[in-house]
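Student: Just the structure for this:
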Amino acid sequence: MKKYLLIGISAFVMGAGSMAYVSQQAAASATAQPRTQTYRMLELFGDVLDTVEHQYVTEVDDTKLIEAAIDGMLTSLDPHSGYLNADSFDDMRDQTRGEYGGLGIEVTSEEGVVKVISPMDGTPAEQAGIKAGDYITAVNGESVLGMSVNDAVKQMRGKPGEAVTLTIAREKSDPFDVKIVREVIKPKSATARMEGDYGYLRISSFNERTTEDAEAALADLRAKNPQMKGLILDLRNNPGGLLDQAVGVADMFLEGGEIVSQRGRDPRDVERYNARPGDAAAGLPMVVLINSGSASAAEIVAGALQDRKRAELVGLTSFGKGSVQTVIPLRGGMDGALKLTTARYYTPSGRSIQKTGIEPDLEVASTREEAEAIANRAFQFSEASLRNALNADEGKERRGAHQPAEAPPENFDPKKDFQLVRAEDVLKYGSVAATPKLPKPAAKLAEATAKVRGAEAPAVNK
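Tutor: Coordinates of the predicted model:
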């Protein structure tokens, strides 16, 4: 029986594509193809390996060379396929259990550079000020440029209590060092509180305890606040996690019907996940907060609630990871595992959001600077920005540079969460359509930046 996992974006918290443990025999069921060319290329590989062994300037480790070759073959397919050696495979399983040692940071690789997807809530990385979109160029003074994500993560891991120094490259900033003390990461994936008259449920990732934690947090909140008038589900900067937990969270708020489907290369290869009767929020109006850091499992939940008209979405277009990875252990995991993209997932209305992301019902930038960056395309980190990303099934493209609908007015208190405030407004007025809209922000900085770069400034509605 297949056991499906939906594991974060990086090699260690690898976006929410569905993953399955399957046997090598099942993977080898495809019809045999003429192998003459394949055998010739394998012979070529053996010749190259032999030449490197005997002529490279220093002695080489055959195991590392072959592992790198396998990983290179898989990563050439798309950003989320890859090879996990035995240690990395164990690390991956530790993370899906929701407890592991490290910094609390999700990363991916972009053209040989380690890039931050997002720091986890309440972890050393978040407390040190690491941000989504940061590049990690060195660990303890040793460059990680050109290093695989697996190897870079190994450099960042160590004994709890020990410090590690990351060299960070950030948009519009000179490179700088950040010293972080490692901890045993036990991310609490679901927390709840009241925001005025409305409940607020924050889900930061999807591990084995997420649905249970979310149900408990929401039940406790409702018991203490029986007059709650609505619920805000915050999925911002949630990089993904387990598929069954994404289905479980969506199921909390749906009375039935499809939550998500996944479809492979064979048109007949379709698997659907449906909700069961019962709404943990008892029909309270809902708003879901998303942004460009909301990926995969988070997108499954947001897409299901949006398509099923259970909630309206506020924030920014999500990351756009709509591909499914299958983890195939090799010799029971003794030789690691393959992580192979095998399908796309679809929202209940049949949308493949691969690369395009889920667009909110009310687009709201968190800061004026963020709005300016979107208008200027100075910062558009998403699945579509990853090299060799799988195309959307329908050939759609992610929305390009544009003027965001809303951003904080000049007199807005920077200590407050503008996107959260607008989510409360949607609940107060009953819908996005009924909520009074704010004037579009004037992207003066975006215009100035474009002129400095010699580019034509984007059109702005004033």
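
Student: Endpoint to endpoint, stretch 260-272 covers what distance?
Tutor: For stretch 260-272, the first-to-last residue distance is 6 Å (Cα to Cα, to the nearest Å).

Student: buried sites along it?
Tutor: Buried residues in stretch 260-272, counted by 16 or more other Cβ atoms under 10 Å: Val260, Ser261, Gln262, Arg263, Glu271. To be clear about C-beta, it is placed using only N, CA and C from the backbone, and glycine gets the same treatment.

Student: Tell me who's in contact with Gly133.
Tutor: Lys115, Val116, Arg170, Glu171, Phe379, Phe381 (Cβ atoms under 8 Å, 6 or more residues apart in numbering).

Student: hang on, the second one in a strand?
Tutor: In other words, Val116. Yes: according to DSSP: H, G, I helix; E, B strand; the rest coil, Val116 belongs to a strand.

Student: partners of it in the sheet?
Tutor: Val107 (DSSP bridges).

Student: Pretty sure it sits against Glu126.
Tutor: No: in this structure Val116 lies outside contact range of Glu126 using Cβ atoms under 8 Å: 10.8 Å.

Student: follow-up on the earlier one: redo the contacts of Gly133 as CSV? Include pLDDT and neighbour count.
Tutor: Formatted as CSV, the contacts of Gly133 follow (pLDDT from 0 to 100; neighbours: other Cβ atoms under 10 Å):
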residue, pLDDT, neighbour count
Lys115, 89, 21
Val116, 89, 23
Arg170, 92, 15
Glu171, 83, 12
Phe379, 57, 16
Phe381, 76, 20
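
Student: The stretch 101-250 of the chain: strands as residue ranges?
Tutor: 105-110, 113-119, 135-139, 142-143, 163-169, 176-181, 183-185, 190-195, 198-203, 230-234 (DSSP state E, counting those that start in this stretch).

Student: Distance to Ala275 added to those strands, as a markdown table?
Tutor: Below are these laid out as a markdown table (distance: least, Cβ to Cβ, whole Å):
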| stretch | distance to Ala275 |
| --- | --- |
| strand 105-110 | 28 |
| strand 113-119 | 28 |
| strand 135-139 | 39 |
| strand 142-143 | 48 |
| strand 163-169 | 41 |
| strand 176-181 | 40 |
| strand 183-185 | 31 |
| strand 190-195 | 18 |
| strand 198-203 | 17 |
| strand 230-234 | 15 |
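
Student: can you tell which of these is closest to Gly357?
Tutor: Gly357 lies closest, by Cβ to Cβ, to one member of the strands of the stretch 101-250 of the chain: strand 113-119, at 14.0 Å.

Student: For that closest one, name the packing helices and strands.
Tutor: Judged by 3 or more Cβ pairs under 8 Å, 6 or more residues apart in numbering; DSSP states H and E, strand 113-119 is in contact with strand 105-110, strand 135-139.

Student: Please repeat the previous calculation with a cut-off of 10 Å.
Tutor: Strand 113-119 is packed against strand 105-110, helix 124-127, strand 135-139, helix 149-156, strand 163-169, with contacts defined by 3 or more Cβ pairs under 10 Å, 6 or more residues apart in numbering; DSSP states H and E.

Student: Among the ones you listed, show me which one is buried the most.
Tutor: strand 105-110 (a mean of 24; mean count of other Cβ atoms under 10 Å).

Student: all helices of the chain, in order?
Tutor: For the chain, helices defined by DSSP state H occupy the ranges 24-27, 36-55, 62-75, 86-96, 124-127, 149-156, 210-224, 243-253, 297-307, 368-376, 418-429, 444-452.

Student: Specify the stretch among the strands of the stretch 101-250 of the chain that is closest to Val288.
Tutor: Ranking these by proximity to Val288 (Cβ to Cβ) places strand 230-234 first, at 4.7 Å.

Student: Parallel or antiparallel, which strands does that closest one pair with?
Tutor: So strand 230-234, judged by DSSP bridges, has these partners: strand 198-203 (parallel), strand 286-290 (parallel).

Student: Could you tell me the angle between it and helix 210-224?
Tutor: 150 degrees (axes from the mean of the first three to the mean of the last three Cα atoms, to 10 degrees).

Student: Glu212 touches Asp244, doesn't it?
Tutor: No: counting by Cβ atoms under 10 Å, Glu212 stays clear of Asp244, with 11.6 Å between them.

Student: show me where pLDDT drops low in the stretch 151-300 of the chain?
Tutor: Along the stretch 151-300 of the chain, the parts satisfying pLDDT under 70 run over 187.

Student: sorry, back to before: now render the helices of the chain as TSV, adding distance to Thr341.
Tutor: Output for the helices of the chain, formatted as TSV (distance: least, Cβ to Cβ, whole Å):
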stretch	distance to Thr341
helix 24-27	13
helix 36-55	21
helix 62-75	9
helix 86-96	16
helix 124-127	27
helix 149-156	16
helix 210-224	23
helix 243-253	14
helix 297-307	16
helix 368-376	28
helix 418-429	32
helix 444-452	35
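
Student: looking at those helices, which is buried most?
Tutor: helix 297-307 (a mean of 28).

Student: Output that one in PDB with nothing but the alpha carbons.
Tutor: Output of helix 297-307 as PDB, limited to C-alpha atoms (Å, rounded to 0.1, in the frame of the first residue of the first chain):
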ATOM      1  CA  ALA A 297       0.600  21.900   0.700                       C
ATOM      2  CA  ALA A 298      -0.400  25.500   1.700                       C
ATOM      3  CA  GLU A 299      -1.600  26.000  -1.800                       C
ATOM      4  CA  ILE A 300      -3.600  22.800  -1.700                       C
ATOM      5  CA  VAL A 301      -5.500  24.100   1.300                       C
ATOM      6  CA  ALA A 302      -5.900  27.600  -0.100                       C
ATOM      7  CA  GLY A 303      -7.000  26.400  -3.500                       C
ATOM      8  CA  ALA A 304      -9.500  24.000  -2.100                       C
ATOM      9  CA  LEU A 305     -11.200  26.600   0.200                       C
ATOM     10  CA  GLN A 306     -11.200  29.100  -2.600                       C
ATOM     11  CA  ASP A 307     -12.700  26.800  -5.200                       C
END
